[in-house]
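# model this:
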Amino acid sequence: MKILVMGTSHTAALRDAADWIGATYPDLDVTYFSLPGFYHARAQMNGPWFGPAKDDDKGRDISLQMNGCTAINLDDFAHILHIGSRFSLVKCSQLMADFDILGHPTRTGRPLMTRAAALGLIAASVEQDVATRSVMADHDPRFTFMPAPYPLARSRMHGAGHEPALSRLDARDTAQDWADTYSKVIQTTLANVENHFLAQPVSTLAAPFFTDNIYALTEDTADNRHMNASFGQAVFAHFATHRLGLDPVTHITAATPFAGRQHDSAHPASSRQNAI
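Numbers count the residues shown, from 1 in each chain. From the prediction side, this is the model:
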């Protein structure tokens, strides 16, 4: 079965786990295709091909460096796992953190909002985010979307890489309820366009909106959003179990923080007939 793992720079955590994925799921033919967020957002569909526009020389150069090709043919893949969409998390987390909800017992002196109004604003933001990928994935049930990983738990600390809105939300007793609600909104919105939703594996979380520090790619606290190969293993195993009905033939290896990153071209697109 041919599987495409695609998305933004967050896809690199799975690409770094490519050797483990290949050994653990030997019946799967897995291809990787990723672009940095800015270039991914500008990429286009040309028939069944996805990649930077023909006049985007910089984007095409980056794609060649990262993937060994400038575009990928989506037609021949049975399943496509997309990693890295933010689903308007910044806007949504500010709302969740900075408003009290009428009907909830806790009052903190923040502005009040009804739950229906809050859900409407969150849904509208997520729908807008999903619409940006409509040309690529609209009404294509092969697509499964997992959001960009939640930032590392260390980003609750003030300093480089601090996540202020999520930290404020984390301090509230409504954080888990909002996390469940936010995931449900994403799932519903994707289902409306026949796409699937894959939540971040619970085993990788330190708190409702934060990833365990053991999955840090680097000691540099300015980067609290990119994860290591152990995270990639956990995500792909989660995908394989819930979307493909497959159990791993080996165990996920123990997470090793700060293990560094292979150069993205170490595991370029593996199906050359599907790439140019």
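
# quick check, I80 in a helix?
No. I80: not assigned to a helix; according to DSSP: H, G, I helix; E, B strand; the rest coil it is strand.

# contacts only, for it.
Listed by CB atoms under 8 Å, 6 or more residues apart in numbering, the contact partners of I80 are 3-4, 6, 74, 137, 140, 142-144. (Glycine included, C-beta is placed from N, CA and C.)

# show me what it bridges to in the sheet.
I80 forms beta bridges with L4, F143, as assigned by DSSP bridges.

# name only those of the contacts of I80 that count as buried.
3-4, 6, 74, 137, 142-144 (16 or more other CB atoms under 10 Å).

# could the residues you listed be laid out in CSV, adding pLDDT?
Below are the buried ones among the contacts of I80 laid out as CSV (pLDDT from 0 to 100):
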residue, pLDDT
I3, 98
L4, 98
M6, 98
L74, 98
A137, 94
R142, 98
F143, 98
T144, 98
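
# and the furthest pair within those?
Farthest apart among those by CB to CB are I3 and A137. That separation is 15.3 Å.

# lowest-confidence helix or strand of this structure?
helix 134-137 (a mean of 90; mean pLDDT, DSSP states H and E).

# helices or strands next to that helix in the packing?
Secondary-structure packing of helix 134-137 (3 or more CB pairs under 8 Å, 6 or more residues apart in numbering; DSSP states H and E): strand 44-46.

# and the average pLDDT for the strand it packs on is what?
Across strand 44-46, the average pLDDT comes to 95.

# picking that back up, nearest to W20, of the buried ones among the contacts of I80?
Using CB to CB, those come closest to W20 at I3, 14.5 Å.

# burial measure for V193, as a count.
Here the number of neighbours of V193 (other CB atoms under 10 Å) works out to 17.

# nope, T174 is what I meant
Neighbours of T174 using other CB under 10 Å come to 18.

# dump the residue contacts of it.
The contact partners of T174, taken as CB under 8 Å, 6+ apart, are 96, 101, 104, 106.

# F87: what's it in contact with?
126, 129-130, 147, 186.
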